[in-house]
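Novice: Predicted model and sequence below, questions to follow.
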Amino acid sequence: MVERLVWDHQTTLVFTNTRSGAEASTYWLREACPDLARVIECHHASLDRDLQQDVEDRLKRGELRAVVCSTSLELGIDIGSVDLVVMLATPKGVSRALQRTGRSGHNIRTISRGVLMATNVNDLVEACATVLLARSRHLDFVRIPEAPLDILAQHLVSMGCERYWTREEAFALVRSAYPYRDLSRADFDDTLDYLAGGGDSLRQQYEEVFGKIDLDDDGFQTRAGRVQREFLQNIGVIPETGVIQVRLKNRLLGSVEESFMRLINPGDVFVISGRPVRLERTGQMEAFVTRADGAIPTIPRWNAHKMPLSAGVAGEISRFRGEVRQRLESGEAEEPLRKWIARRLDCGAANAGVVCAMFSAQHRLSEIPMEDTLLIEELLEAPDAPTVAGDRPKHYFFHSLIGRACNDALSRVVARRLSALRGGNAISTPHDYGFVLTVSEHQFFDVAELREILSPEGFQDDFTAALERSEMLKYHFRNAAQTGLMVYRNHNSERKPLRKLQWSTEVIFNVLQKYEPDHVLLRTARQDCAQGGFLDAPGARAYVERLARLGWPLRHRQVAHVPPLSFAMYATRIKEALDVEDPAETMERLFHLWWRELSI
């Protein structure tokens, strides 16, 4: 299908959601179109900058027939004339779909054209929901950061470069900006205090190193000379990122992207070079592991860069599920149901038949999750399945259709609370449509305990505690330290090596964690963790509060097979063990085997 679109158009831009997907799709497309192989290129942020520049220049000059990218060409450069945009798998949100589509038709007389191509049944429903919302002009909700203190620190330094400011006039000016409309005076004063000497734990010995402003009881001004020069070299909020080398004793096993490493904790098991390893500790751009032969991986590495499903699209899918369930419960026949699905999703007869079969099987084996209920399906793993700590594991599928970012936050709290109740480490795997909780025999729980596990009381404290040991907090602290001018990216007009940046921030992080846990930049890092693109703690808390208000409408089902709407979550859980095979081919083979078993 993609190769036909490439042949039929002069220039096609193909978006995937991951860099590995861009590489694989480029290879496949060149194989499918050998006559065009020389004018099909790949573009993503991990490529050498010179290679990226060459692809961009050739695209602008109209020399390429197709460019396959991840997210690197969504914004920024003028990419010239593009006839068609193809999105392999859904872009996980309406705004992103429109943004990508808008990269085509850069002419006042030309219509921007985009094609969403589903790669599985879940993608099909997502794609239809995304298109319906786009046509009705329902864009994704945009969350404005609430009073980020690292950016405030940088802005205050810039203000002080101009003149002396009184505290009152500076506070009034900052509060006039929408993100800081509710900034507390305490946070404002704490930020000034940090800029004056680095904070309570650092001021005594390192005031000259970390001090940026001269502060008195009435106001402040940025120090002249070195401080102002260094400030001008380090303005900006885009952090430095890199790759982490994974070492088994003195042997280098390979590398993983830093965004993956920030999601895991010491003790977690993941796969690299085809073998499971257990994370022991991290250093400066290094991770030290030990062998974990026979252990089940606790981290789905392949989801490290998977974009979260937006809440708007998730809501539309949830409404569709509810409508399908009502029709199935009323006994509607298969043929009229297929026709209704084709009209409802505007997806054609063939696609409607696939969707109808999947939802009918879900209704038969379990039930279709509703918007105002939480369905938990309980599956005891087959006797010949790999064990968790020598036990036969059990999977609990939580169908909380609130988007991946919310589910990631919720699953961390649920796993922590279950571990506190039963001991051991519960394994949670977040997904766009919910999350999987995998436990050993001594951690099994019943429905009566779900209210305690999901309670909104103490939710934020448990979420914060779950983050304290994670690499994610360190990652966000390093970003905050760069933006907040505690650690400079550039020194004497030269870029600092990323390893040196990480070493500096980790030393400071450890000091502040021990002696000043309420430091301005640590607060910022925790806020970024809770409300960043990959985690949404406020959204997760709002969800459990809603369940409590509705009187805990929990639905519990014991199932003998993985139900259709749980297959995507289960596949995410087991993908890590498939490192030796091609993921797309393997998951397709497993899907057909699973579907035949359900159809017997």
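Specialist: The structure has been received and is ready for your questions.
Novice: Going by C-alpha atoms from here, please, whenever you check contacts or count neighbours.
Specialist: Will do.
Novice: Show me where the stretch 251-400 of the chain has its helices.
Specialist: Ranges of helices within the stretch 251-400 of the chain are 258-261, 311-329, 334-345, 349-365, based on DSSP state H, counting those that start in this stretch.
Novice: Please, where are all the strands along the stretch 51-200 of the chain?
Specialist: 66-69, 84-88, 114-117, 165-166 (DSSP state E, counting those that start in this stretch).
Novice: Just name the most buried of those.
Specialist: Neighbour counts (mean count of other CA atoms under 10 Å) averaged over each of these peak at strand 66-69, with a mean of 27.
Novice: helices or strands next to that strand in the packing?
Specialist: For strand 66-69, the elements it packs on are strand 12-15, helix 19-32, strand 40-43, judged by 3 or more CA pairs under 8 Å, 6 or more residues apart in numbering; DSSP states H and E.
Novice: For the closest residue to Thr166 other than its chain neighbours, what are phi and psi?
Specialist: Excluding its sequence neighbours, the residue lying closest to Thr166 (CA to CA, 6 or more residues apart in numbering) is Gly219, at 3.9 Å. With angles defined as degrees, to the nearest 10, Gly219 sits at phi -170, psi -160.
Novice: just checking, Gly312 touches Ser95?
Specialist: No. Contact criterion CA atoms under 8 Å: Gly312 and Ser95 do not qualify, at 10.2 Å.
Novice: Quick check: neighbours shared by the two?
Specialist: Taking CA atoms under 8 Å, 6 or more residues apart in numbering as the contact rule, Gly312 and Ser95 both touch Leu139, Asp140.
Novice: in what helix or strand does Leu202 lie?
Specialist: Assessed by DSSP states H and E, Leu202 sits inside helix 200-210.
Novice: Just list the residues touching the closest residue in space to Asn479 that isn't next to it in sequence, thanks.
Specialist: Nearest residue to Asn479 in three dimensions, chain neighbours excluded: Pro239, at 5.4 Å (CA to CA, 6+ apart). When contacts are counted by CA under 8 Å, 6+ apart, Pro239 is found next to Asn479, Gln482, Thr483.
Novice: The closest residue to the last one other than its chain neighbours and Arg49: what is the separation?
Specialist: Nearest non-adjacent residue to Thr483, counting by CA to CA, 6+ apart: Val237, 5.2 Å away. From Val237 over to Arg49 the distance is 20 Å, taken as CA to CA, to the nearest Å.
Novice: Neighbour count: those two, which is higher?
Specialist: Counting neighbours by other CA atoms under 10 Å for Val237 and for Arg49 shows that Val237 has the greater number, 14 against 11.
Novice: quick one, domains of the chain?
Specialist: 2-117, 243-303, 372-600 (automatic domain parsing).
Novice: which stretch in those has the least confidence?
Specialist: The weakest mean pLDDT among the domains of the chain belongs to domain 243-303, with a mean of 72.
Novice: mind checking the SS state of Asp214?
Specialist: What DSSP: H, G, I helix; E, B strand; the rest coil gives for Asp214 is strand.
Novice: Neighbours of it, how many?
Specialist: For Asp214, the neighbour count with other CA under 10 Å is 18.
Novice: which secondary structure elements does the helix or strand containing Val507 contact?
Specialist: Element membership for Val507 (DSSP H and E) is helix 498-515. On a contact count with 3+ CA pairs under 8 Å, 6+ apart, helix 498-515 meets helix 200-210, helix 471-483.
Novice: cutoff 6 Å now
Specialist: Contacting helix 498-515 under the criterion 3 or more CA pairs under 6 Å, 6 or more residues apart in numbering; DSSP states H and E is no other helix or strand.
Novice: Next, the angle from it to helix 200-210.
Specialist: Angle, helix 498-515 to helix 200-210, by axes from the mean of the first three to the mean of the last three CA atoms, to 10 degrees: 150 degrees.
Novice: Output helix 498-515 as CSV, nothing but the C-alphas.
Specialist: Provided in CSV are the C-alpha atoms of helix 498-515 (Å, rounded to 0.1, in the frame of the first residue of the first chain):
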residue,chain,number,x,y,z
LEU,A,498,27.3,15.3,28.1
ARG,A,499,29.2,13.0,30.4
LYS,A,500,30.6,16.0,32.3
LEU,A,501,27.1,17.5,32.5
GLN,A,502,25.7,14.3,34.0
TRP,A,503,28.5,13.9,36.4
SER,A,504,28.1,17.5,37.7
THR,A,505,24.4,17.3,38.1
GLU,A,506,24.5,13.8,39.8
VAL,A,507,26.9,15.1,42.4
ILE,A,508,24.6,18.0,43.1
PHE,A,509,21.5,15.8,43.0
ASN,A,510,22.9,13.5,45.7
VAL,A,511,23.9,16.4,47.9
LEU,A,512,20.5,18.1,47.7
GLN,A,513,18.6,14.8,48.1
LYS,A,514,20.4,14.3,51.4
TYR,A,515,20.6,17.8,52.8
